[in-house]
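Colleague: Sequence and predicted structure are below.
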Amino acid sequence: MKKLVAAILLAASLTPAFAVSLKKESDRKKAPAFELKNAAGELVKLSDFQGKIVLIDFWATWCLPCKASMPWMNELAAKYKADGVEILGISMDEDGWNVVKPFIEQMGVKYPIVVGNKRVGYLYGEVDNLPVAFFVDRNQKVAGIHLGAASKKQFETTIQALLKAK
């Protein structure tokens, strides 16, 4: 069964993705809490973003769709910050900051980045295939999940829908 799920997730990451469908509020589950370090060694917690809409983007330096999305993720982060939207990148690179820090500097990433671990990957559903994005509402509940490559329009549409659901 696990191999079947892995195959489906891999196929989803290699094929054009579909729009994120938001869950009804009654079906949303609390987003798993975490504490991860940023490049300065400071702890970043999901609870730091209480009351905000958070797009949690699981990615890695070797992931081509992840790299392709970073410029427009920067744009979305800047465009919607004043509206209470935060983008948080969680790198799943096993070599940690040794590879992540130069990569995000080269890519000009402006939104917060932390380095993940197996535990946070497990808490969010065994994040093995990348990219995977979780849209967390203002109540810190998972409102939607997007597997695989995405477009700016797909993510912006989801952000706008969450903003309207005040």
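Modeller: Sure, I can see it.

Colleague: Could you look up the SS state of the residue nearest in space to the middle of the chain?
Modeller: Closest to where the C-alpha atoms of the chain average out (Cα atoms, centre = their mean) is residue 57, at 1.5 Å. Assigned by DSSP: H, G, I helix; E, B strand; the rest coil, the conformation of residue 57 is strand.

Colleague: what's the answer for residue 54, then?
Modeller: strand.

Colleague: what is it paired to in the beta sheet?
Modeller: Beta bridges link residue 54 to residue 86, residue 136, judged by DSSP bridges.

Colleague: Touching, it and residue 133? I think so.
Modeller: No: using Cβ atoms under 8 Å, residue 54 is not in contact with residue 133, being 10.4 Å away. Glycine gets a C-beta too; all of them are placed from N, C-alpha and C.

Colleague: In terms of secondary structure, what does the longest helix belonging to the chain contact?
Modeller: The single longest helix within the chain, with elements called by DSSP state H, is helix 64-80. Counting contacts by 3 or more Cβ pairs under 8 Å, 6 or more residues apart in numbering; DSSP states H and E, helix 64-80 packs against strand 53-59, strand 85-91, helix 97-107, helix 152-164.

Colleague: Identify each buried residue in the helix or strand containing residue 122, please.
Modeller: When elements are defined using DSSP states H and E, residue 122 is found to belong to helix 118-123. Buried positions in helix 118-123, judged by neighbour count with 16 or more other Cβ atoms under 10 Å: 120, 121.

Colleague: which outside residues touch it?
Modeller: Applying Cβ atoms under 8 Å, 6 or more residues apart in numbering, the contact partners of helix 118-123 are 32, 34, 36, 58, 90, 92, 127, 128.

Colleague: and which of these is nearest residue 114?
Modeller: Nearest to residue 114 among those is residue 36, at 3.8 Å by Cβ to Cβ.

Colleague: Any idea what the closest one is bridged to?
Modeller: Residues in beta-bridge contact with residue 36 (DSSP bridges): residue 44.

Colleague: what's the distance between it and residue 135?
Modeller: Distance of residue 36 to residue 135, computed by Cβ to Cβ, to the nearest Å: 19 Å.

Colleague: More neighbours: which of those two?
Modeller: Higher neighbour count among residue 36 and residue 135: residue 135, with 24 against 19, using other Cβ atoms under 10 Å.
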